[in-house]
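Engineer: Give me the fold of what follows.
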Amino acid sequence: MQPQNLYNFNETGFRIGCLTGQIVFTRTDRQVYILDSNNCKLLTSIESISAVGKTTDLIMIMLGQQMKEKHFLKGLNDGMRIAVSESGYTNDVLSFEWLKHFDAQTRLPNNEWRMLIIDGYRLHLTIEFVDYCYELNVRISMFLLPAHSTYILQLLDIEVF
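Structural biologist: Numbers count the residues shown, from 1 in each chain. Now for the predicted structure:
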C-alpha cells in the first residue's frame with residue numbers, strides 16, 4: 001500500500017456559543033465551564049487525511065431538520081458539503097454519504113486499492129457502508145480500530161500512521 005493511498009477517517013464535534021456558562025474552580029486551579037445546553041449549537045465535521053498529509057474535502061453537519069439559506073456562506077470550498085441532522089451529529093446515512101464523497105475525491109485512474117483507517121464505531125459499519133467499500137470499481141479496504149480509540153491515541157499524542 002502506497003502512503004498516498006492510506007487515509008485516516010474520523011469525525012469531531014463542536015459546541016458553538018457555550019462559553020457563557022457558569023465557571024467552577026477546581027483544586028488544580030483549572031477553570032471548568034458548566035455548559036448551558038440552551039446556549040449551544042452543535043456542529044460535526046467528518047474528514048480524512050492521507051499518510052502524506054493530503055486532506056479530502058470535509059462534510060459539516062449542523063443541527064436541524066432541513067437546509068436553510070443561512071447554512072450557506074459565500075466563499076465555501078466547492079468540494080465541501082453541508083448537511084443537517086436532528087442531533088447535529090453524524091448518523092448512518094450521513095456516514096455513508098461521506099464515504100461516497102471520499103471515494104469521488106480519492107479514486108485513482110488505475111483503480112488501485114485505498115485503505116481507510118476507521119474508528120470502529122457502529123455508525124461506520126452499516127451493511128451499505130461495508131458493501132460499498134468492496135464493490136469492484138470502488139476498492140476501499142477498511143482497517144478497523146476499536147471504537148473511540150482514535151480519541152485515546154490523540155490524548156496520548158500517538159500518530160495513527
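
Engineer: C-alpha only now, for contacts and for neighbours.
Structural biologist: Noted.

Engineer: Which strands or helices does the longest helix along the chain pack on?
Structural biologist: Looking across the chain with DSSP state H, the single longest helix is helix 92-106. Here helix 92-106 touches helix 127-133, going by 3 or more C-alpha pairs under 8 Å, 6 or more residues apart in numbering; DSSP states H and E.

Engineer: buried set for the helix it packs on?
Structural biologist: By neighbour count on 16 or more other C-alpha atoms under 10 Å, the buried set for helix 127-133 is 129, 130, 132, 133.

Engineer: what residues are up against residue 137?
Structural biologist: Going by C-alpha atoms under 8 Å, 6 or more residues apart in numbering, residue 137 touches residue 111.

Engineer: And for residue 42?
Structural biologist: Residue 42 neighbours (C-alpha under 8 Å, 6+ apart): 13, 14, 15, 16, 62, 63, 87, 88, 89.

Engineer: wouldn't residue 140 be in contact with residue 134 here?
Structural biologist: Yes - counting by C-alpha atoms under 8 Å, residue 134 is a contact partner of residue 140 at 6.2 Å.

Engineer: Looking at the two, which one has more neighbours?
Structural biologist: residue 140 (23 against 14; other C-alpha atoms under 10 Å).

Engineer: Bridged to that one, which residues?
Structural biologist: In this structure, residue 140 bridges to residue 114 when assessed by DSSP bridges.

Engineer: how far away is it from residue 116?
Structural biologist: 7 Å (C-alpha to C-alpha, to the nearest Å).

Engineer: do residue 92 as well
Structural biologist: 17 Å.

Engineer: what does the model give residue 139 for pLDDT?
Structural biologist: Note on residue 139: pLDDT of 91.

Engineer: And for residue 124?
Structural biologist: 66.

Engineer: swap in residue 155?
Structural biologist: 62.

Engineer: can you count the residues close to the closest residue to residue 57 other than its chain neighbours?
Structural biologist: Nearest residue to residue 57 in three dimensions, chain neighbours excluded: residue 80, at 5.1 Å (C-alpha to C-alpha, 6 or more residues apart in numbering). By the criterion of other C-alpha under 10 Å, residue 80 has 12 neighbours.
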